[in-house]
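In: got a sequence here, can you build the structure:
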Amino acid sequence: MQKDFLKEYYLVLASKSPRRQQLLEGMDVNFTLITKDVDESFPESMPLEHVAPFLSEKKANAFEKNELPDNFLLITADTVVIIGETILNKPGNAEEACAMLRLLSGQTHKVVTGVCLRSKDQTCVFSESSDVKFGELELDEIQSYVAKYQPFDKAGAYGIQEWIGYIAIESVKGSFYNVMGLPTHRLYLELKKFVSNDKNLSAYPSQQK
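Out: Numbers count the residues shown, from 1 in each chain. Predicted coordinates:
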């Protein structure tokens, strides 16, 4: 079911994450999936909370307009885990995954998801953050989780919706779905605002940038 305010758009989700696809489907939004490999490097001097929105916009800018359908509305996103002054992306192997989870054990960390909305006439970038408190994890619990769930496609080496989320996460301050990879409530509000602005741009071509 497509929301009325989106009916004029051809929505494209550029994400390989099955969680983001699931969450967007849960919002009753019709979309087409188009993925592209993008270099996810970022400037070392960049403030850590700016990394996720920076990468989400980088992913959107990887598409040329002629690669996208008419009346497209492109959605890209990136999620990072921040603990102290360290940013955790996706682990490259089981050893890295275990090391990340040992670092998170018994600590509170921040999950930041950046989202970029892009159409022919405008681009909007925003981010949402959630604080996640982990209980203490024993080494065999970490190793068992990594062996069974293979969390190599997840920032911070864990999925809140998986076994480890059920038994280890004490609390979440902020959006739960943001920790999964997409701040659905904020995204819905931003989509409504984006579409309203897009219509204003169409009504007043001289004001387009």
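In: quick one: low-confidence ranges for this structure?
Out: 1-3, 199-209 (pLDDT under 70).
In: apply 50 and report the result again.
Out: 1, 202-209 (pLDDT under 50).
In: other residues contacting the helix ranked longest in it?
Out: Counting residues, the longest helix found in the chain (DSSP state H) is helix 184-203. With contact meaning CB atoms under 8 Å, 6 or more residues apart in numbering, helix 184-203 is reached by 5-6, 8-9, 23, 26-27, 73, 75, 115, 117, 119, 121-122, 124, 126, 128, 175, 177-178, 207-208. C-beta coordinates here come from the backbone N, C-alpha and C atoms, glycine included.
In: got the CA positions of that helix in CSV?
Out: Extracted C-alpha coordinates of helix 184-203, given in CSV (Å, rounded to 0.1, in the frame of the first residue of the first chain):
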residue,chain,number,x,y,z
THR,A,184,11.2,4.8,10.8
HIS,A,185,9.2,7.5,12.7
ARG,A,186,11.7,10.2,11.8
LEU,A,187,11.8,8.9,8.2
TYR,A,188,8.0,9.1,7.8
LEU,A,189,8.0,12.7,9.1
GLU,A,190,10.9,13.7,6.8
LEU,A,191,9.2,12.0,3.8
LYS,A,192,6.1,14.1,4.3
LYS,A,193,8.1,17.3,4.7
PHE,A,194,10.3,16.4,1.6
VAL,A,195,7.3,15.8,-0.6
SER,A,196,5.7,19.0,0.5
ASN,A,197,8.9,20.9,-0.3
ASP,A,198,9.2,19.2,-3.6
LYS,A,199,5.7,20.3,-4.6
ASN,A,200,6.6,23.9,-3.6
LEU,A,201,9.7,23.7,-5.8
SER,A,202,7.6,22.5,-8.7
ALA,A,203,5.1,25.3,-8.2
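In: on that earlier part again, now, the contacts of helix 184-203 that are in strands?
Out: The members of those that map onto strands under DSSP state E are 73, 75, 115, 117, 124, 126, 128.
In: who does the first one form a beta bridge with?
Out: Listed beta-bridge partners, Leu73: Leu11 (assigned using DSSP bridges).
In: okay, now it: neighbour count?
Out: A total of 23 residues lie near Leu73 under the criterion other CB atoms under 10 Å.
In: among the ones in strands among the contacts of helix 184-203, who's most crowded?
Out: Val115 (27 neighbours).
In: report the contact partners of that residue.
Out: Applying CB under 8 Å, 6+ apart to Val115 gives the contacts 53, 56, 75-77, 125-128, 182-183, 186-187, 190.
In: mind running it again at 10 Å?
Out: 20, 52-53, 56-57, 60, 75-79, 124-128, 178, 182-183, 186-187, 190-191 (CB atoms under 10 Å, 6 or more residues apart in numbering).
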